[in-house]
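# Sequence and predicted structure are below.
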Amino acid sequence: MIKTQRRFLLFLCLILCSFFTFGQVTTSTITGIVKDSKGQFLSNATISAIHEPSGTRYVTISKTGGVFTLAGLRSGGPYKVTIEYVGYKNQVFDGITLLLGDTYNVNATMSENAVDLSTVTVRGTKRINQDRTGATTNIGAYQLATLPTVTRSITDFTRLTPPSQWHQLCRPGQPHEQRNGGWRQPEQ
């Protein structure tokens, strides 16, 4: 009886210890807030962290309130963190070393950069084939593969395009009022 209890306790300890081995953390995190010199939060700032020994680059943008999070980073370092925002000077933080499972906090205050932004001119041209006239429809391979068909006829596929439905609108031998979808009686 005592032997069975010892075995059960040993088994129970092994089970409980296995839960702790599955919960190990292998990465680190960098978080922070981006503000301007007036204390206003800057959303959509680009934050990049480069693990200098390996060259691995992690990039994110700041959200509402200037908050950002770079999760899943390798522990160790050194890291070079760069924060960029249009119209402001870049902030660079060098030599950051991350501890395993820890969160490193980087708060940045961006100062305005008095640089004129250059003008961008976008020009476009129409690329229309002048030889083609009328309506066209493109049917892809996915549509052909998933289109339900009963008769396995080409008309099952061509019914997707309006120009191919002329045979339903203009049947020879019918009065003009019935050809265009109207079912009015002809005037007498």
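Here it is on my side, so go on.

# use CA for all of it now, contacts and neighbours both
Noted.

# So what pairs up with the residue most central in space within the chain in the strands?
Against the mean C-alpha coordinate of the chain, by Cα atoms, centre = their mean, the closest residue is Thr60 at 12.4 Å. On the basis of DSSP bridges, Thr60 is bridged to Ile47.

# Identify the residues contacting it.
46-48, 68-70 (Cα atoms under 8 Å, 6 or more residues apart in numbering).

# what about dumping the CA coordinates of the helix ranked longest in the chain to CSV?
In the chain, with assignment by DSSP state H, the single longest helix is helix 2-22. Provided in CSV are the C-alpha atoms of helix 2-22 (Å, rounded to 0.1, in the frame of the first residue of the first chain):
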residue,chain,number,x,y,z
ILE,A,2,2.8,2.4,0.9
LYS,A,3,4.7,1.5,-2.2
THR,A,4,1.6,2.3,-4.4
GLN,A,5,1.1,5.7,-2.6
ARG,A,6,4.8,6.6,-3.3
ARG,A,7,4.5,5.7,-6.9
PHE,A,8,1.3,7.7,-7.2
LEU,A,9,3.0,10.8,-5.6
LEU,A,10,6.0,10.4,-7.8
PHE,A,11,3.7,10.2,-10.9
LEU,A,12,1.8,13.3,-9.7
CYS,A,13,5.0,15.3,-9.2
LEU,A,14,6.2,14.4,-12.7
ILE,A,15,2.9,15.5,-14.2
LEU,A,16,3.0,18.8,-12.3
CYS,A,17,6.6,19.4,-13.3
SER,A,18,5.8,18.9,-16.9
PHE,A,19,3.4,21.8,-16.9
PHE,A,20,6.2,24.1,-15.9
THR,A,21,8.5,22.9,-18.7
PHE,A,22,5.8,23.7,-21.3
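
# Now that helix: average pLDDT?
Mean pLDDT, helix 2-22: 73.

# And it, how far out from the chain middle?
Distance, stretch centre to chain centre, for helix 2-22: 45 Å (Cα atoms, centre = their mean, to the nearest Å).
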